[in-house]
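Engineer: how would this look folded up:
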Amino acid sequence: MIIWLDYLAQWSFSDWKNCLVSFLHQEIYVPKCLGNFFTEKFPTSAYPEDFQVYPIWRRATIQIIRDLASKTDKIIIVPMTIFKKEYYQEIIEQGLSEDIYVQHYILVADKNTILSRLNNRTQENNNWALKHLDHCLRVFGDQISGQKINTDS
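Structural biologist: Coordinates of the predicted model:
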């Protein structure tokens, strides 16, 4: 089973990731780490602004999760914001859900709450979240399906 968490700017990523894994005693795969590798190692002239645009990242993410699922009986937690409907469909609906149970949760909050959380972050670069906030709120509202969990309080 895969638990996919879309978490745009909900908490400091490293803080809640460590807490979640220790609390649930499960496996975790962070596709952003592979994306960051592409961003750091590929020339900017050949690499899109956002690694999710890169088809090899999407294919590798599917393959890595499938490989992990075949090698463990534990639930695999995937904390990653997928910001385009077509990428969600490619990765989760077509790439994984055909034969792996994927439970997709979207952590939602009011825009002002998210902006406040972003402003309180000190260890992370918030450029991506700020740039994509309005788009993510829109697609999570009515284009990308998943169980929504309100985190305003």
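Engineer: now do the strands in the chain.
Structural biologist: For the chain, the strands defined by DSSP state E cover 2-6, 27-28, 76-79, 102-108, 147-150.
Engineer: can the ones you listed go into JSON lines with extra columns for mean neighbour count?
Structural biologist: The C-beta positions use only the backbone N, C-alpha and C, and glycine is treated the same way. Formatted as JSON lines, the strands of the chain follow (neighbours: other Cβ atoms under 10 Å):
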{"stretch": "strand 2-6", "mean neighbour count": "22"}
{"stretch": "strand 27-28", "mean neighbour count": "18"}
{"stretch": "strand 76-79", "mean neighbour count": "22"}
{"stretch": "strand 102-108", "mean neighbour count": "19"}
{"stretch": "strand 147-150", "mean neighbour count": "12"}
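Engineer: among those strands, which is nearest residue 132?
Structural biologist: Of all the strands of the chain, strand 2-6 sits nearest to residue 132, with 11.6 Å by Cβ to Cβ.
Engineer: which residues sit against that closest one?
Structural biologist: With contacts defined as Cβ atoms under 8 Å, 6 or more residues apart in numbering, strand 2-6 is touched by 26, 65, 69, 75-82, 92, 96, 100-107, 136, 140, 144, 146.
Engineer: find the centremost residue of this structure, please.
Structural biologist: residue 80 (0.9 Å; Cα atoms, centre = their mean).
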